[in-house]
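1. Curious how this folds, go ahead:
(one chain, ligands or ions: 1)
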Amino acid sequence: MDAKLQSVFDGVVRRNPGEAEFHQAVAEVFESLAPVLARNPQYAEGAVLQRMCEPERQIIFRVPWQDDQGQIHINRGFRVEFNSALGPYKGGLRFHPSVYLGIIKFLGFEQIFKNSLTGMPIGGGKGGSDFDPRGRSDAEIMRFCQSFMTELYRHIGEYTDVPAGDIGVGGREIGYLFGQYKRITNRHESGVITGKGLNWGGSRARTEATGYGAVMFTEEMLKTRSDDLDGRRVVVSGSGNVAIYATEKAQQLGAKVVACSDSSGWIVDEAGIDLELLKEIKEIQRGRISEYADRRSSARFESEGTIWSVPCDVALPCATQNELNAADAKQLVENKVIAVAEGANMPCTPEAVAIFQEAGVLFGPGKAANAGGVATSALEMQQNASRDVWSFEYAEERLHQIMIGVHRRCAQTAEEYGAPGNYVLGANVAGFIKVADAMIAQGLI
Ligand code: GLU
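-> Numbers count the residues shown, from 1 in each chain. Below is the predicted model:
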């Protein structure tokens, strides 16, 4: 890292002790910025980097709730309102036991640049809780969501901060959260949260958008080498919302998806993933991935080893942060992977990214490759603001155009900065410049 950037980075580590994932996310952006600072002295003069690394506002709150047996639990709630230079804070809520301030700050920081890259008017934020939804009844989930919103409601709004889903927060949770917001405020303010149900302000294609977008981005990367997904072997990690719809779009484009996973292990199905079965187990029954192998003879379940040992042409990590390390990357390269796109946020470690780049593998970082979800959230906000409802075809076409635009911005910026094909540099630099210029234009904020 360049010396000036290193000293800002050291300050970030000092000011935010113990937040390893946040440090990692900042380092990944800073690694790309030396040539930008050299060309634009106004950024250092305006202390733009230092300002960007300090969230505009961080809210931490108590979330008390009662389980079905009447026992009381206390969780911690977070909302980090990171940057509003381009629009209202926008980003999801994550409910997972691993959540602490460092995870929310890494996600919020990445969200700033991702949202900038979409070309939509949205700032960056993120929130969540260390609540573990696994094994909880619908009634428990509802009481938790109501308690969470009883504090959160005062901080959010259609023009202020617009949450959505992330790991552990899907359509059911968004429903309970929105219901409580409406009850407290007496406002049917559709634009206050995205990922809503289709008959009460949600957008068609929002559920599919992150996974679809990641595959659309992959297709754009492959096009630069006159290639496409047709007939390609694909491995998708995860089996949540992103993984399921990445699988769906990859299959629509003629690829064969042969593996997916959850936190208990992974399955390989040489006949190709049966998407209806996967949806039934994961979306309806909320079951484990091993059930897929129990119900399909062409599949086997593994609880040891790694899904990245399965040979493939295209790898789509769609589970969680740091799920793909250097050893996995080496194995994928040995198995002749041609493209990797991050459907999750920061799933590849920095060492893994370096291995892909050195091997000439097309690598799409999450800020670009998974921007389709939040971009479609912005389309949902647009429909809410105009009290309109679009068709699936129209929403999907808008998403497609946005992903083509994200790819173009990354590719052109990488060229401009002398690193053609480096989507990491392209995404970081293009995302950064737009936000930095807006911050300077808006004065010392
Ligand atoms: N949680 C998603 C992300 O990581 C979507 C956020 C949103 O739709 O606001 O981008």
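
2. Contact residues of the stretch 101-250 of the chain facing the ligand?
-> A164, D166, T194 (C-beta under 6 Å from any ligand atom). Where you see a C-beta, it was placed from the backbone N, CA and C, and this is true even at glycine.

3. For burial, what's the neighbour tally of the closest residue to the ligand within the stretch 51-200 of the chain?
-> Residue nearest to the ligand within the stretch 51-200 of the chain (C-beta to the nearest ligand atom): G92, separated by 2.8 Å. For G92, the neighbour count with other C-beta atoms under 10 Å is 26.

4. Looks to me like it is in a strand.
-> Yes: counting by DSSP: H, G, I helix; E, B strand; the rest coil, G92 falls inside a strand.

5. Adjacent strands (with direction) for the longest strand that the chain contains?
-> Counting residues, the longest strand in the chain under DSSP state E turns out to be strand 72-83. Here strand 72-83 has these sheet partners by DSSP bridges: strand 57-66 (antiparallel), strand 124-129 (antiparallel).

6. Pipe the ones you listed into JSON lines and attach mean pLDDT and mean neighbour count per row.
-> As requested, those are exported to JSON lines (pLDDT from 0 to 100; neighbours: other C-beta atoms under 10 Å):
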{"stretch": "strand 57-66", "mean pLDDT": "98", "mean neighbour count": "15"}
{"stretch": "strand 124-129", "mean pLDDT": "98", "mean neighbour count": "30"}
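
7. what's the closest of those strands to I404?
-> For the strands paired with strand 72-83, proximity to I404 was assessed by C-beta to C-beta; strand 124-129 is nearest, at 22.4 Å.

8. and L229, which of the three is it?
-> L229 is classified as coil under three-state DSSP.

9. okay, the residues of the stretch 101-250 of the chain next to the ligand in JSON lines with neighbour count and secondary structure next?
-> As requested, those are exported to JSON lines (neighbours: other C-beta atoms under 10 Å; DSSP: H, G, I helix; E, B strand; the rest coil):
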{"residue": "A164", "neighbour count": "24", "secondary structure": "strand"}
{"residue": "D166", "neighbour count": "28", "secondary structure": "strand"}
{"residue": "T194", "neighbour count": "28", "secondary structure": "coil"}
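
10. is the residue of the stretch 51-200 of the chain closest to the ligand in a bridge, and if so with what?
-> Assigned bridge partners for G92, using DSSP bridges, are A164.

11. Put together a markdown table for the strands paired with strand 72-83, with distance to L362 on each row.
-> Listed next are those as a markdown table, based on distance: least, C-beta to C-beta, whole Å:
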| stretch | distance to L362 |
| --- | --- |
| strand 57-66 | 36 |
| strand 124-129 | 26 |
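
12. Would you tell me which of the ones you listed gets closest to F148?
-> Ranking those by distance to F148, with C-beta to C-beta as the measure, places strand 57-66 first at 5.1 Å.

13. nearest spatial neighbour of the residue nearest to the spatial centre of the chain, skipping sequence neighbours?
-> Closest residue to the average C-alpha location of the chain: N345 at 4.5 Å, with C-alpha atoms, centre = their mean. With C-beta to C-beta, 6 or more residues apart in numbering as the criterion, N345 has its nearest non-adjacent residue at 5.0 Å, and that residue is G366.

14. circling back to that earlier point, from G238, how far out is the residue nearest to the centre of the chain?
-> According to C-beta to C-beta, to the nearest Å, N345 and G238 sit 12 Å apart.

15. before we move on, what about I267?
-> 12 Å.

16. Which one's more surrounded, these two?
-> Neighbour count, other C-beta under 10 Å: between I267 and G238, G238 has more, with 29 against 24.

17. Contacts only, for that one.
-> C260, S261, D262, P317, C318, A319, T320, G343, A344 (C-beta atoms under 8 Å, 6 or more residues apart in numbering).

18. Give me the pLDDT for it.
-> Looking at G238, its pLDDT is 98.

19. Likewise for M1?
-> For M1, pLDDT reads 87.

20. what is the mean pLDDT for the longest strand of the chain?
-> In this model, strand 72-83 has a mean pLDDT of 98.

21. again with stretch 384-393
-> Stretch 384-393 comes out at a mean pLDDT of 98.

22. Contacts only, for the residue of the stretch 201-350 of the chain found nearest the ligand.
-> Here the stretch 201-350 of the chain gets closest to the ligand at one residue, N345, 5.4 Å apart by C-beta to the nearest ligand atom. N345 makes contacts with F106, L107, E110, T320, Q321, G366, N370, as judged by C-beta under 8 Å, 6+ apart.

23. now with 10 Å?
-> 21, 25, 92, 94, 103, 106-107, 110-111, 114, 126, 166-167, 242, 320-321, 365-367, 370 (C-beta atoms under 10 Å, 6 or more residues apart in numbering).

24. cool, Q321 as well?
-> 21, 24-25, 98, 103, 106-107, 110, 167, 342, 344-349, 366.

25. In a strand, it, correct?
-> No: assigned with three-state DSSP, Q321 falls outside any strand and is coil.

26. about what we covered before: quick one, which of the strands paired with strand 72-83 is nearest to N16?
-> Nearest of the strands paired with strand 72-83 (C-beta to C-beta): strand 57-66, 10.6 Å.

27. And the helices in the stretch 151-300 of the chain?
-> 171-185, 206-223, 241-252, 275-279, 290-295 (DSSP state H, counting those that start in this stretch).

28. Quick one: the ones you listed as JSON lines, columns for mean pLDDT and mean neighbour count too.
-> Putting the helices of the stretch 151-300 of the chain into JSON lines (pLDDT from 0 to 100; neighbours: other C-beta under 10 Å) gives the following:
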{"stretch": "helix 171-185", "mean pLDDT": "98", "mean neighbour count": "19"}
{"stretch": "helix 206-223", "mean pLDDT": "98", "mean neighbour count": "26"}
{"stretch": "helix 241-252", "mean pLDDT": "98", "mean neighbour count": "24"}
{"stretch": "helix 275-279", "mean pLDDT": "98", "mean neighbour count": "15"}
{"stretch": "helix 290-295", "mean pLDDT": "98", "mean neighbour count": "17"}
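
29. which stretch among these comes nearest I402?
-> It's helix 206-223; of the helices of the stretch 151-300 of the chain, that one is closest to I402 (C-beta to C-beta) at 7.7 Å.

30. Using CSV, list the CA coordinates for the closest one.
-> The C-alpha coordinates for helix 206-223 follow below in CSV (Å, rounded to 0.1, in the frame of the first residue of the first chain):
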residue,chain,number,x,y,z
ARG,A,206,-36.3,-8.0,-6.3
THR,A,207,-36.1,-11.5,-4.8
GLU,A,208,-34.2,-12.8,-7.8
ALA,A,209,-32.1,-9.7,-8.3
THR,A,210,-28.8,-10.3,-6.5
GLY,A,211,-28.4,-13.8,-7.9
TYR,A,212,-29.6,-12.9,-11.4
GLY,A,213,-27.3,-9.8,-11.3
ALA,A,214,-24.3,-11.8,-10.4
VAL,A,215,-24.8,-14.1,-13.3
MET,A,216,-25.5,-11.2,-15.7
PHE,A,217,-22.2,-9.7,-14.5
THR,A,218,-20.4,-13.0,-15.1
GLU,A,219,-21.9,-13.2,-18.6
GLU,A,220,-20.6,-9.6,-19.3
MET,A,221,-17.1,-10.6,-18.1
LEU,A,222,-17.1,-13.7,-20.3
LYS,A,223,-18.2,-11.7,-23.3
